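> The following block contains a protein sequence and its predicted model.
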Amino acid sequence: MLDYTHIKCPVCGDAFKEDDDIVVCPQCGAPYHRACYQEKGKCIFDDLHEAGKEWAPPAPPPPKVEPSAEIKDRECPACGTLNSHSALFCNRCGTSLLGAGQPDQKPPQAPPPFVSPAPPVSRNAYGGVVPPFSFDPMGGVSPAELLDEGISFGDASKFVRQNTTYYMPVFRYIKQTGRNKFSFSAFLFSGAWLLYRKQYKTGALVAGLMFCLYLAYLLATVFVSAPLLAELAGQVGMDITQGFSPTNEQMLAISQLVANDLTMYLKISLPLLCLLAMLVVMIVVGVRGNKMYMRHCVRQVRQIKEHGARGSDVSLTLEAKGGVNISIAVCMFVCYVLLVNVVPLLL
């Protein structure tokens, strides 16, 4: 007879004891407490009966192996602690035990700490050290580098003062290549930009020329081109009081009238020629503006340094004589607004 001790009853789940009243299913051999079997009235393993199989006791669980019972034969190469045979890392310091136990193997060395390289040291126009990641007023140009004979970029930056990060690299480019570098500020504002940068003689000349060209454009439009177009419109049957919106036939007739008289064509094109002349002046100033300003700075710095040899503070004089003239820029803006909005009303 089988020993059912410690096997659990399939109905109540309690383990059988030596003095329990146990009955066995005559078909499959499953054990029950007598009271449990009588409660169910039959064996509960119908699947075994249908398959013609016998009940088998469950396999006993494998014996647990305590970690402390495992052989400790893996010595940590760092701290010397003995660890279990299957351990991969030291349970004391965490060092890898792969390869432990090999007497000729040296413990792994930690990589040296990363030390970032020291940032480059740059100096401003006055010789002071510029901290890393700070604004460089010289735009990467060394203040000690010579711009012209006896004049350094540091001297030029003191005279320029505003926007040296743009002008110092531009001056160096012009000096090294001998080519101009286009200036959009000089192109857009022409004479006003020259006056703003204290190039008074050239600025007054260019500003006066631009004023005369614009005034010529207004006069040519009001007194020459517009009356002539009105006369031509009347000849082809247009009513200009309703606006200048000719049909294709009327435009063709006007074109034929103008083509037969070259003088009439020039009179109509006179305002456009004035605007074209203004554009040419703007392009010339834009192309040559930076080089003109560099020569102006060199000339002024040389004069200041020659007079400064008598004892005056050259640096303070450079800052006072250089820089920009904001008041004249405001004045030029007001004059431009009056010229564009008021003068056409007077004409």
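Received, thanks.
> Tell me if I'm right that Pro77 and Cys93 touch.
No: counting by CB atoms under 8 Å, Pro77 does not reach Cys93; the two are 10.0 Å apart. In short, each C-beta sits where N, CA and C put it, glycine included.
> Between those two, tell me which one has more neighbours.
Pro77 (20 against 11; other CB atoms under 10 Å).
> which phi and psi does that one have?
Main-chain dihedrals, Pro77, degrees, to the nearest 10: phi -70, psi -10.
> Pull up the gap between it and Ser84, please.
16 Å (CB to CB, to the nearest Å).
> Please work out how many residues are found near the residue nearest to Leu98 when sequence neighbours are not counted.
Distance criterion CB to CB, 6 or more residues apart in numbering; nearest residue to Leu98, sequence neighbours excluded, is Leu88 at 6.7 Å. Residues lying near Leu88 (other CB under 10 Å) number 11.
> now Phe187
Around Phe187 sit 18 other residues, with neighbours defined as other CB under 10 Å.
> Surely it is in contact with Arg288?
No: look at Phe187 against Arg288 with CB under 8 Å: they stay out of range, at 10.4 Å.
> So for these two, which residues contact both of them?
Listed as contacting both Phe187 and Arg288 by CB atoms under 8 Å, 6 or more residues apart in numbering is no residue at all.
> who touches Leu213 in this structure?
So, once contact is read as CB under 8 Å, 6+ apart, Leu213 ends up touching 274, 277-278, 281.
> again but with Arg288, I slipped
Asn180.
> do Tyr196 as well
By CB under 8 Å, 6+ apart, the contact set of Tyr196 is 189, 203, 324-326, 328-329, 332.
> Return the subset of those lying in helices.
Here DSSP state H is the test, and the contacts of Tyr196 give 189, 203, 326, 328-329, 332 as lying in helices.
> Could I get the buried residue list for whichever strand or helix holds Ala226?
Using DSSP states H and E, Ala226 sits in helix 226-235. Applying a neighbour-count criterion of 16 or more other CB atoms under 10 Å, the buried positions in helix 226-235 are 228-229, 232-233.
> In the ones in helices among the contacts of Tyr196, which residue is surrounded by the most others?
Phe189 leads those on contacts (other CB under 10 Å) with 24 neighbours.
> Let's see the pLDDT reported for the closest residue to that one other than its chain neighbours.
Using CB to CB, 6+ apart and skipping the chain neighbours, the partner closest in space to Phe189 is Tyr196 (7.4 Å). According to the prediction, Tyr196 has pLDDT 93.
> Dihedrals phi and psi, Tyr196?
Tyr196 adopts backbone torsions of phi -60, psi -40, taken as degrees, to the nearest 10.
> re earlier: what does the model give the residue nearest to Leu98 for pLDDT?
pLDDT, read off for Leu88, is 81.
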